[in-house]
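# One predicted model, sequence on top.
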Amino acid sequence: MARRTRTGQREAALARVIAVVNDKGGVGKTSIAANLGGQFAGAGHRCLLVDLNRQANLADDLGYRGTDIDDEGAGLLASVLTGTPLVPARDVRPQLDVVCGGTRLEDLTPVMVSRLQHHGRESFRVLGDVLAPVSAGYDLIFIDCPPESTILTDLALGSARWVLMPTKSDLGGLLGMTLVAERFALARGINARLGLLGVVLFATGTRARAIHGEALAAIDDAFGGTSPRFETSIRHAERTAQDARRLGKLAHELEVAAAAQPAWWEELRSGTRTTRISETASGVAEDYRALGVEVLSALEAAETAEKPRTRRRGAKA
Ligand SMILES: Nc1ncnc2c1ncn2[C@@H]1O[C@H](COP(=O)(O)OP(=O)(O)OP(=O)(O)O)[C@@H](O)[C@H]1O
Ligand SMILES: [Mg+2]
């Protein structure tokens, strides 16, 4: 009975943990985690980003690489080793905290391999164990997963309630997604409530309708014909992507900065030459806003659908 209560408390604590996953590299996992987290935080939701990536590109997108808060994954590693609650770095933006990733996470893989040998797949629940005690402080938690690191991604799949899967419409992105579909099924053995929140196409040309069609058919295939897909895709915008990592700003922040810069002809007249921020940031920010609305609606719809079940359970007790 006590065990069931503990399990219920853990499930409730992790109910809004979203792992952003695709085994393929460069399909938008970090960009989407950073921009959704930053945007929700800007709208007043308390958000946490957990970076499971050795490259720690979240630090670039949010501009904290090499600053005092950047522990390069040391805190996350220590929590998993000792089973103590995560200690997020506070306020990388108002209402937005992070658990940093980085090179220290290289030590996590051998630790997990050893635990896996001794305790089996249950070991992958550890991230949820150290996340649950701090999750009450947040409305939404996103885990940014690495590419091609099954062990670290399995840690995320063992704790998250939801998977959000970005993909490109090319073959590589779709293959990565198919691999995740297989491990998603395995992860449900230890995390039965894991669900696919949705798949989102990333960095696609707006005219690539034919490619979209093929990609979407492949997504349905990978998840057994029932995969939820977000209507919104994130448009291809290379200059905005470069501005984002160069300046450590999110799309909606670049949008504001682009609007505030002097007109190009004024710069020409005054003889000052600065690297201009691309105006395409505004369209990309718009895509992230639309995706955010869809993500929130999907979460709320799923939570509403679950409510009667919770009440019935309560009535029996
Ligand atoms: N809207 C966009 N259009 C084109 N490129 C983009 C866009 N947004 C981000 N990028 C760039 O695409 C690349 C991949 O993005 P991102 O790092 O988010 O992918 P990822 O899946 O997290 O990669 P990894 O698997 O290496 O962690 C990066 O160089 C990023 O700057
Ligand atoms: Mg990444």
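In hand now; what should we look at? Ligands and ions are numbered 1, 2, ... in the order given.

# And the residue nearest to L197 when sequence neighbours are not counted, how close does it get to E306?
Spatial nearest neighbour of L197, chain neighbours left out: W162 (4.0 Å); criterion: C-beta to C-beta, 6 or more residues apart in numbering. The way it works is simple: take the backbone N, C-alpha and C, and place the C-beta from them, glycine included. Note on W162: its distance to E306, by C-beta to C-beta, to the nearest Å, is 13 Å.

# just V284 next, same as before
Relative to E306, and taking C-beta to C-beta, V284 is found at 33 Å.

# quick one, which of the two is more surrounded?
For the pair V284 and E306, the greater number of neighbours falls to V284 (27 against 12), based on other C-beta atoms under 10 Å.

# Can you name the residues of the chain that neighbour ligand 2?
29-30, 57 (C-beta under 5 Å from the ion).

# Which stretches in the stretch 201-317 of the chain count as strands?
Counting by DSSP state E, counting those that start in this stretch, the stretch 201-317 of the chain has strands at residues 234-235.

# Leaving out chain neighbours, which residue sits closest to the residue in it that ligand 1 sits nearest to?
Residue nearest to ligand 1 within the stretch 201-317 of the chain (C-beta to the nearest ligand atom): A241, separated by 3.2 Å. Of all residues not flanking A241 in the chain, S31 sits nearest, at 7.2 Å (C-beta to C-beta, 6+ apart).

# Next one: G38 from A285, what distance?
In this view, G38 and A285 are 10 Å apart by C-beta to C-beta.

# Mutual contacts of those two, please.
Counting by C-beta atoms under 8 Å, 6 or more residues apart in numbering, the residues touching both G38 and A285 are H252.

# So which of those two has more stuff around it?
More crowded of G38 and A285, by other C-beta under 10 Å: G38, with 24 against 21.

# Count the neighbours of the residue in the stretch 51-200 of the chain that ligand 2 sits nearest to for me.
The minimum distance from the stretch 51-200 of the chain to ligand 2, using C-beta to the ion, falls at N57 (4.7 Å). A total of 19 residues lie near N57 under the criterion other C-beta under 10 Å.

# ok, back up a step: narrow the residues of the chain next to ligand 2 to those in helices?
Using DSSP state H, the subset of the residues of the chain next to ligand 2 located in helices is 29-30, 57.

# Could you dump the residues you listed into TSV with pLDDT added?
Formatted as TSV, those follow (pLDDT from 0 to 100):
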residue	pLDDT
K29	97
T30	98
N57	96
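
# On the pLDDT front, check the residue of the stretch 201-317 of the chain closest to ligand 1 for me.
Looking at A241, its pLDDT reads 96.

# and what of the one 3 residues further on?
Listed pLDDT for A244 reads 96.

# Against R54, how distant is it?
20 Å.

# Which one's more surrounded, the two?
Higher neighbour count among A244 and R54: A244, with 26 against 18, using other C-beta under 10 Å.

# List the contacts of the more buried one.
A244 sits in contact with 31, 61, 250-251, 254, where contact means C-beta under 8 Å, 6+ apart.

# Can I get these in a markdown table including neighbour count?
Listed next are the contacts of A244 as a markdown table, based on neighbours: other C-beta atoms under 10 Å:
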| residue | neighbour count |
| --- | --- |
| S31 | 27 |
| D61 | 26 |
| L250 | 27 |
| A251 | 28 |
| L254 | 23 |
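
# of these, list those near ligand 1.
With C-beta under 6 Å from any ligand atom as the criterion, the members of these in contact with ligand 1 are S31.

# In helices, which of the contacts of A244 fall?
Under the assignment DSSP H, the contacts of A244 contribute 31, 61, 251, 254 to helices.

# dump the residue contacts of the residue in the stretch 51-200 of the chain positioned nearest to ligand 1.
Of all residues in the stretch 51-200 of the chain, P147 sits closest to ligand 1, at 3.4 Å by C-beta to the nearest ligand atom. Residues counted as contacts of P147 (C-beta under 8 Å, 6+ apart) are 22-26, 29, 176.

# go with 6 Å
G25 (C-beta atoms under 6 Å, 6 or more residues apart in numbering).
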